[in-house]
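Q: Structure here, sequence nowhere to be found:
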């Protein structure tokens with residue numbers, strides 16, 4: 001129960017991250033955050049009963065430098081929702097494919113890397129999608145930090161959706 005995910009909002013209600021309920025309770029008891037929404041369940045000790053937090057808001061504004069999402073294999077797969085960007089299949093072993101192959105000057109950038117199944121990646125080889133007569137299902141883009149938090153949330157609690165602009 002203490003490992004439940006809790007949405008952390010900045011003082012201005014901007015989503016900053018997702019943490020465990022254990023950490024959120026510590027923030028509340030240290031008076032660094034306030035509970036905005038809570039679960040129906042309670043955390044109990046011999047002397048206190050405390051509602052399990054779902055959303056907390058920091059008491060002080062934390063200046064966040066333009067947060068960027070790191071370019072990693074895991075984040076590419078997350079951005080593309082583990083869906084092959086050539087055939088649309090899911091729930092398979094996925095690889096990361098360079099749209100413009102490295103041998104042709106393609107770089108490791110958000111705009112040049114896509115999620116691909118092994119079959120499509122092998123079929124495309126060291127060619128561009130046009131040369132391989134394959135079409136991308138979507139144009140690869142660098143995700144914003146909010147979309148990264150939305151992915152961290154997964155299937156969020158319905159109370160999170162207004163704060164993550166998902167309603």
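A: Now that the structure is in, tell me what you want to look at. As the structure is a computational prediction, the values presented were derived from the model and not from experiment.

Q: Apart from its neighbours in sequence, what residue is nearest the residue nearest to the spatial centre of the chain?
A: Centroid-nearest residue in the chain, with CA atoms, centre = their mean: residue 151, separated by 2.7 Å. With sequence-adjacent residues excluded and distances taken as CB to CB, 6 or more residues apart in numbering, residue 151 is closest to residue 78, at 4.9 Å. Any C-beta I mention is one placed from the backbone N, CA and C, and that applies to glycine too.

Q: Of all the helices and strands in this protein, which has the lowest average confidence?
A: helix 145-153 (a mean of 75; mean pLDDT, DSSP states H and E).

Q: Might you calculate how far stretch 104-112 sits from the centre of the chain?
A: Centre-to-centre, stretch 104-112 and its host chain are 22 Å apart (CA atoms, centre = their mean, to the nearest Å).

Q: what comes up buried for that stretch?
A: Buried residues in stretch 104-112, counted by 16 or more other CB atoms under 10 Å: 106, 110, 112.

Q: Go through these and name the one nearest residue 2.
A: residue 110 (35.0 Å; CB to CB).

Q: Report how many residues lie close to residue 36.
A: Look at residue 36: counted by other CB atoms under 10 Å, it has 17 neighbours.

Q: Helix, strand, or coil at it?
A: Classification of residue 36 by DSSP: H, G, I helix; E, B strand; the rest coil places it in strand.
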